[in-house]
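Asks: sequence first, predicted coordinates after that:
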Amino acid sequence: MSKFSMTCSCGDVMSVDASSREEAVAQMKGTMNQSAIDAHCAQKHPDMKLTEAEVHAQIDEKLAAV
């Protein structure tokens, strides 16, 4: 298992443990559904509204092994 993480523009670090990057991306996308995204934005980005598709694209781009 390896640790994969990404950092949000607000500084929050989100991490998962997985055996491959593909597995890590799938786990992170499963965690970051629209309700989780809305909750994060309400707390950390009150002027921002992100869609699940936008966040999942960021996960595809930014999630990396640490």
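Replies: Cool, the structure landed. Residues are numbered from 1 along each chain as shown.
Asks: tell me how many other residues crowd residue 23.
Replies: A count of neighbours around residue 23, defined by other CB atoms under 10 Å, yields 15. All C-beta atoms are positioned from the backbone trio N, CA, C, and that covers glycine.
Asks: I'd like to know which elements the helix or strand harbouring it is packed against.
Replies: Per DSSP states H and E: residue 23 is located in helix 21-31. Helix 21-31 is packed against strand 2-7, strand 13-18, helix 52-62, strand 64-65, with contacts defined by 3 or more CB pairs under 8 Å, 6 or more residues apart in numbering; DSSP states H and E.
Asks: what strands line up against the shortest one, and which way round?
Replies: As defined by DSSP bridges, the strand partners of strand 64-65 come to strand 2-7 (antiparallel).
Asks: list the buried ones in the strand it pairs with?
Replies: Buried positions in strand 2-7, judged by neighbour count with 16 or more other CB atoms under 10 Å: 4-6.
Asks: reformat the helices and strands packed on helix 21-31 as a markdown table; add distance to residue 36 and mean pLDDT.
Replies: Below are those laid out as a markdown table (distance: least, CB to CB, whole Å; pLDDT from 0 to 100):
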| stretch | distance to residue 36 | mean pLDDT |
| --- | --- | --- |
| strand 2-7 | 14 | 97 |
| strand 13-18 | 10 | 97 |
| helix 52-62 | 9 | 97 |
| strand 64-65 | 20 | 98 |
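Asks: ok, which of those comes nearest residue 32?
Replies: helix 52-62 (5.3 Å; CB to CB).
Asks: next one: stretch 22-33 to chain centre, how far?
Replies: Distance of stretch 22-33 from the chain centroid (CA atoms, centre = their mean, to the nearest Å) equals 7 Å.
Asks: and it, average pLDDT?
Replies: Here stretch 22-33 scores 98 as its mean pLDDT.
Asks: buried residues, the strand or helix carrying residue 40. List them.
Replies: Taking DSSP H and E as the criterion, residue 40 maps to helix 34-44. Under the neighbour-count criterion of 16+ other CB under 10 Å, helix 34-44 has 37, 40-41 buried.
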